[in-house]
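Enquirer: Here is a sequence together with a model predicted from it:
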Amino acid sequence: MKNIIQKCKEIYIKNKIIIVVLAAIITLVLPVLVPKSYFMGIMCRILMYATLAGSLNVINGYSGQMCIGQAGFFCIGAYCEAILATRFGINFWIIIPLAGLVTAIVGLGISLPTLKMKGIYLSIVTLGFSEIVRLTALNWESVTGGPMGIKGIPTPNLFGFEISNSKTYYFIFLAIAILFIFVTKRVVKSRIGRAWLAIREDQLAAKSLGVEVPKYKAFNFMYGAFWAGVVGAVYAPYVRFIDSTFFTLDEGFNILSMVIIGGQGTLVGPVCGSVIVNLLTEVLRPIGEWRMVAYAILIIVMMWWRPQGLVGASDSILAGDKGNGKKLEKSKQKGGGAHGVSVRS
Amino acid sequence: MGSLLEAKGICKYFGGLKAVEDVSMHINKGDVFGIIGPNGAGKTTFFNICSGIYTPTKGEILLNGDKISHLKSEQIAQRGMARTFQNIQLFKYMTVLENVKIGFHIHTKTKLWDSVLHTKTFKEDEEFTVQKGLEIIDKVGLSKYTDTMAGNLAYGIQRKVEIARALALDPQILLLDEPAAGMNPQETQELMEFIKILNADGYTIAVIEHDMKFVMNSCNRILVLNFGQKICEGTPDDVKSNQQVQEAYFGKGIIAGEAVK
């Protein structure tokens, strides 16, 4: 597995320009080549979830915090768009960054009281947060329309072109995904990204080197939430109607499964995860609800076989000793097991 | 030369356990200051208080005359105190250069928009970290390991990487917690010389160490702790001839007395 990824990387670095140009052409021509709205719908989903999973990956993969309530941020972004567009008639393009900012502020609100929490404890808080957001959306009728949802969200306009079907919407999702990857790549490769990685790898050491751990953790949460909010804002006019059932915990786990399967701690990981999970969803449609079982099995196999995900950061704490092939540790564990048996007998 | 780091009546209790009890000391600028004591004497606890990982139960720490004992460890690091850890806390899955680059955190100031737009600040920062990082790695003598993953290095070399990373902060005072642990005699000798070079370059160094030869040869002042209490502070000769120190290490009584002679 490691060798395959290594080879892919080498090929990519050698033919970088050709591959990028080819990919650009294919993605741009795709709606003309395959104009079926079913297919373009899937492409939209893939791109949307790639960005969502990417935003979660910033939190889970880069700074090592365990957030599983990304659906909550997604929900806030979508409702922001829907409310501002239907009630106040604000332009779609202005709402996108606005929704992102609102979500980022909510992200800050989640992050501040939980700065000292780690791992599973933080996950439970974010899980609860996600449910709180959904229940608020369900019950705050005067603002969110309660169980009736918000109907008739206006479709966006770009220089007079109405963007209303999946074929045209594809380009918005594509632009957001590319913008996300571009910006995140630059952030991760800078001082900020280094601070995040330091926190993920060893918090104590990061502190001793003057990295303001609380500040960077909070900022990391805000950054991840911002993009989830942006995707939410783009999603609302795409489906035209939103209600709280769109943003259940299942949705959060769906996003999480993409991050875990695709790979944490790399930019390409969540994209891979999104492609795999969304295609799998289509392939497994005939078996209905049973596909949840298929996801679960996939996640378990993944955690066991490659904890950092398919194309995740092999050279990180996420991969553990398994990913880095430390035979010494393995033999120690075996020794421990044998000892355990002898004690029992 | 005033005192750079000063401790005034430091106490640290963990419940009923008095890990550090009323320790006062001062480190002058340009010192190589050794802290010794039997196992469990509270040496590392004392270091942790100095570097802000613990807050003291009583007493205060002054760095350059400013009280720092209420600050967080990252704030103390920003004020110019760097440290290494007894059980190495490297970023194991990063290369040596990446490890050192993180050490430059407090000397760079790239903001979000700088990194997104690749502004001048970003470019200057990146250039600065790489160039200075390579310089420090070269100084520590790890040039051939620049791109090796830190976790794959030998124990003694990992210790050096940790020192390199701490040096990236360009600290006023460097706290080394058992830097020679796990090193063979030759590596220890090299480390001793390296510390002397660092000291000559103007770094003030405080070091916890069990290796007496190391401490007596490289430190100009020594603090001895036993059961959390200070029993002696002074030059190596003072410490060697101190009655209490001998008792702490060899025990009391006629036989122990003979052992010392």
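Expert: On my side now, so go ahead.
Enquirer: Count the neighbours of B:K132 for me.
Expert: 18 (other CB atoms under 10 Å in any protein chain shown). Every C-beta, even on glycine, is put in place using the N, C-alpha and C of the backbone.
Enquirer: can I assume it sits in a helix?
Expert: Yes. B:K132: assigned to a helix according to DSSP: H, G, I helix; E, B strand; the rest coil.
Enquirer: what's the spacing between it and B:G103?
Expert: 9 Å (CB to CB, to the nearest Å).
Enquirer: Now do the shared contacts for the two.
Expert: B:A168 (CB atoms under 8 Å, 6 or more residues apart in numbering or on different chains).
Enquirer: could you list every residue that touches residue 55?
Expert: I went with chain A, as the question did not name one. A:Q70, A:F73, A:F180, A:Y223, A:G224, A:A225, A:F226, A:W227, A:A228, A:V231.
Enquirer: right idea, wrong chain: chain B
Expert: B:I49, B:S69, B:H70.
Enquirer: pLDDT score assigned to it?
Expert: B:T55 is assigned 89 on the pLDDT scale.
Enquirer: next one: A:H339
Expert: 34.
Enquirer: ok, now B:N48?
Expert: Value listed for B:N48 in the pLDDT field: 90.
Enquirer: Mind checking if the helix or strand hosting it is in reach of chain A?
Expert: B:N48 is part of helix B:43-50 when elements are defined by DSSP states H and E. No. Using CB under 8 Å from any CB of the partner chain, helix B:43-50 stays clear of chain A, coming no nearer than 10.1 Å.
Enquirer: And the contacts of that helix?
Expert: B:5, B:7, B:10, B:12, B:19-20, B:23, B:35-37, B:54-56, B:61, B:69, B:81, B:83, B:86, B:175, B:177, B:206, B:208, B:225, B:228.
Enquirer: secondary structure element for B:K213?
Expert: helix B:212-218.
Enquirer: Give me the helices and strands touching the helix or strand following that helix, please.
Expert: Next helix or strand after helix B:212-218 toward the C-terminus (DSSP H and E): strand B:221-226. Secondary-structure packing of strand B:221-226 (3 or more CB pairs under 8 Å, 6 or more residues apart in numbering or on different chains; DSSP states H and E): strand B:17-28, strand B:32-36, strand B:229-234, helix B:236-241, helix B:243-250.
Enquirer: With adjacent residues omitted, what lies nearest to the most centrally placed residue in chain B?
Expert: Most central in chain B under CA atoms, centre = their mean is B:L175, positioned 1.6 Å from the mean C-alpha point. What sits nearest to B:L175 in space, not counting adjacent residues and going by CB to CB, 6 or more residues apart in numbering or on different chains, is B:R83, at 3.9 Å.
Enquirer: Return the residues in contact with that neighbour.
Expert: Counted by CB under 8 Å, 6+ apart, B:R83 has contacts A:S208, B:F47, B:S51, B:A166, B:L174, B:L175, B:L176, B:D177.
Enquirer: Please apply the same query to B:N242.
Expert: Counting by CB under 8 Å, 6+ apart, B:N242 touches B:V224, B:I231, B:C232, B:G234.
Enquirer: So which residues of the stretch 101-250 of chain B form helices?
Expert: B:112-117, B:120-140, B:155-167, B:185-200, B:212-218, B:236-241, B:243-250 (DSSP state H, counting those that start in this stretch).
Enquirer: from the contacts of B:N242, which single one is nearest chain A?
Expert: Closest approach between the contacts of B:N242 and chain A, by CB to the nearest CB: B:V224, at 25.3 Å.
Enquirer: Report the separation between the closest one and A:V275.
Expert: Taken as CB to CB, the span from B:V224 to A:V275 is 64 Å.
Enquirer: So which of these two has more stuff around it?
Expert: Using other CB under 10 Å, the more surrounded residue of B:V224 and A:V275 is B:V224, with 25 against 17.
Enquirer: Read off the pLDDT value for the residue lying closest to A:I317 once chain neighbours are set aside.
Expert: Leaving aside its sequence neighbours, A:I317 sits nearest to A:E201 (CB to CB, 6+ apart; 5.2 Å). pLDDT recorded at A:E201 is 89.
Enquirer: For chain A, which residues score under the pLDDT cut-off?
Expert: A:1-2, A:315, A:320-345 (pLDDT under 70).
Enquirer: so where's the longest helix in it?
Expert: helix A:213-239 (DSSP state H).
Enquirer: Are that helix and chain B in contact anywhere?
Expert: Yes. Helix A:213-239 lies within reach of chain B by CB under 8 Å from any CB, at A:V213.
Enquirer: who does that helix touch, helix- and strand-wise?
Expert: helix A:37-57, helix A:70-87, helix A:92-111, helix A:166-188, helix A:191-201, helix A:203-208.
Enquirer: go again using 10 Å as the cut-off
Expert: In terms of contacts (3 or more CB pairs under 10 Å, 6 or more residues apart in numbering or on different chains; DSSP states H and E), helix A:213-239 is packed against helix A:37-57, helix A:70-87, helix A:92-111, helix A:119-139, helix A:166-188, helix A:191-201, helix A:203-208, helix B:73-78.
Enquirer: list the contacts for A:D243?
Expert: A:Y79, A:A82, A:A137, A:L138, A:T144, A:G145, A:G146, A:P147, A:M148, A:G149, A:I150, A:K151 (CB atoms under 10 Å, 6 or more residues apart in numbering or on different chains).
Enquirer: Could you pick out the buried ones from those?
Expert: By neighbour count, with 16 or more other CB atoms under 10 Å in any protein chain shown, those hold A:Y79, A:A82, A:A137, A:L138, A:T144, A:G145, A:G149, A:I150 as buried.
Enquirer: how close does the fourth one sit to A:V106?
Expert: Spelled out, it's A:L138. Relative to A:V106, and taking CB to CB, A:L138 is found at 17 Å.
Enquirer: Then the last one?
Expert: Relative to A:V106, A:I150 is positioned 19 Å away (criterion: CB to CB).
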